[in-house]
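Chemist: following is a predicted model, sequence given first.
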Amino acid sequence: STALRQALEVCLNREHIVSGFFSGHGRAAQFPLSPLSSLYPEELEVPSSADAPAQAVHRAAYAPERTLTLLVNGENSFKTAVAGYLADSFTAAGVPVEARVLPWEEYAAALAAGDFDLYYGEVRLTADWDLSPLLSTGGALNYGGWSNQETDTLLAAYGAAENRAAAMEALCRHLRQQSPILPVCFKSSSVLTQAGVLEGLIPTASEPLHNLADCTVHLREN
């Protein structure tokens, strides 16, 4: 139900996930676009509190009949740790959830078959923040089978909009109300070197060691 999805949204302590599990390598995000983007609607963010999750589940009038399954790919220890934390957070709020850790092939097959209640995964968006593969009816990454005419209309409107900020705000406002997905954060990568050792490195989002062949390495003699 929409009410339960909204309640699960409130259960996410995104800041703790970023700091506690990713060592600060990321930015908490309540919407599926980077908080660094000028399109990110900060005014729509909802502040969290310790009592909010249980209160939200109570308002949803959720009566658990079974333990829900949260799928996660077991080949990444960071992801399995976050999935375990999410399952514990949902359970503590009154929605019993159990993380199910699977190797990649089984995880991908379960997603494709829709054999899950929830799943924790990573999505890489294109630079224009096109969310259609993730949220449109029949989208390639829409494993949950979300189908909503208003969502499709807002996605199309954003794709054709001259005022992209207003179109994205309208889309995010709708996503806040429906909560078909629960964004957690946008990860980041770091390249750490000793001061003055590496000159000319230009890391990119997809290739942290980009242009390494053209860098100058200053080695200190003993």
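Modeler: Happy to help now that I have it. Numbers count the residues shown, from 1 in each chain.

Chemist: okay, CA-based contacts and neighbour counts for the rest of this
Modeler: Fine.

Chemist: contacting residues for residue 75?
Modeler: For residue 75, the contact set (CA atoms under 8 Å, 6 or more residues apart in numbering) comprises 103, 104.

Chemist: longest single helix anywhere in this protein?
Modeler: When the chain is parsed with DSSP state H, its longest helix is helix 77-93.

Chemist: same for that one, what does it pack against?
Modeler: On a contact count with 3 or more CA pairs under 8 Å, 6 or more residues apart in numbering; DSSP states H and E, helix 77-93 meets helix 14-21, helix 52-59, strand 68-73, strand 97-102.

Chemist: any idea which helix or strand comes after the last one?
Modeler: Looking back up the chat, that one is strand 97-102. Using DSSP states H and E, the helix or strand that follows strand 97-102 in sequence is helix 104-113.

Chemist: what's that next one in contact with?
Modeler: Contacts to helix 104-113, defined as CA under 8 Å, 6+ apart, come from residues 71, 72, 73, 74, 75, 116, 143.

Chemist: let's see 7 Å
Modeler: Residues from elsewhere that reach helix 104-113 (CA atoms under 7 Å, 6 or more residues apart in numbering): 72, 73, 74, 75, 116, 143.

Chemist: next: stretch 79-94.
Modeler: With CA under 7 Å, 6+ apart, stretch 79-94 has contacts from 8, 11, 17, 21, 53-54, 57, 72-74, 96-99, 120.

Chemist: what does stretch 167-183 give?
Modeler: The contact list for stretch 167-183 (CA under 7 Å, 6+ apart) reads 2, 5-6, 9, 29-32, 39, 41, 146, 154-155, 157-158, 161.

Chemist: give the other helices and strands that the helix or strand bottoming out on mean pLDDT in the chain contacts.
Modeler: Least confident helix or strand of the chain, by mean pLDDT, DSSP states H and E, is strand 198-199 with a mean of 82. Strand 198-199 makes packing contacts with strand 216-217 when contacts are defined by 3 or more CA pairs under 7 Å, 6 or more residues apart in numbering; DSSP states H and E.

Chemist: thinking again about what came up before, so which of the helices and strands packed on helix 77-93 gets nearest residue 133?
Modeler: strand 68-73 (20.0 Å; CA to CA).

Chemist: quick one, the closest one and helix 104-113 angle?
Modeler: On the basis of axes from the mean of the first three to the mean of the last three CA atoms, to 10 degrees, strand 68-73 is oriented at 130 degrees to helix 104-113.

Chemist: strand 68-73: partners in the sheet, and parallel or antiparallel?
Modeler: strand 97-102 (parallel), strand 118-119 (parallel) (DSSP bridges).

Chemist: okay, now the unreliable bits of this structure?
Modeler: 205, 221-222 (pLDDT under 70).

Chemist: quick revisit: can you put the strands paired with strand 68-73 in TSV and add distance to residue 63 and mean neighbour count?
Modeler: Compiled in TSV, the strands paired with strand 68-73 are given as follows (distance: least, CA to CA, whole Å; neighbours: other CA atoms under 10 Å):
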stretch	distance to residue 63	mean neighbour count
strand 97-102	13	20
strand 118-119	17	22
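
Chemist: just the CA coordinates of the longest helix of the chain, formatted as CSV?
Modeler: C-alpha atoms of helix 77-93 as CSV (Å, rounded to 0.1, in the frame of the first residue of the first chain):
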residue,chain,number,x,y,z
SER,A,77,30.1,-6.6,1.8
PHE,A,78,29.1,-2.9,2.1
LYS,A,79,25.8,-3.6,0.4
THR,A,80,25.0,-6.7,2.6
ALA,A,81,25.8,-4.6,5.7
VAL,A,82,23.4,-1.8,4.6
ALA,A,83,20.7,-4.4,3.7
GLY,A,84,21.0,-5.9,7.2
TYR,A,85,20.8,-2.5,8.8
LEU,A,86,17.7,-1.6,6.7
ALA,A,87,16.0,-4.9,7.6
ASP,A,88,16.7,-4.3,11.3
SER,A,89,15.4,-0.7,11.0
PHE,A,90,12.2,-1.8,9.3
THR,A,91,11.7,-4.5,11.9
ALA,A,92,12.2,-2.2,14.8
ALA,A,93,9.6,0.1,13.4
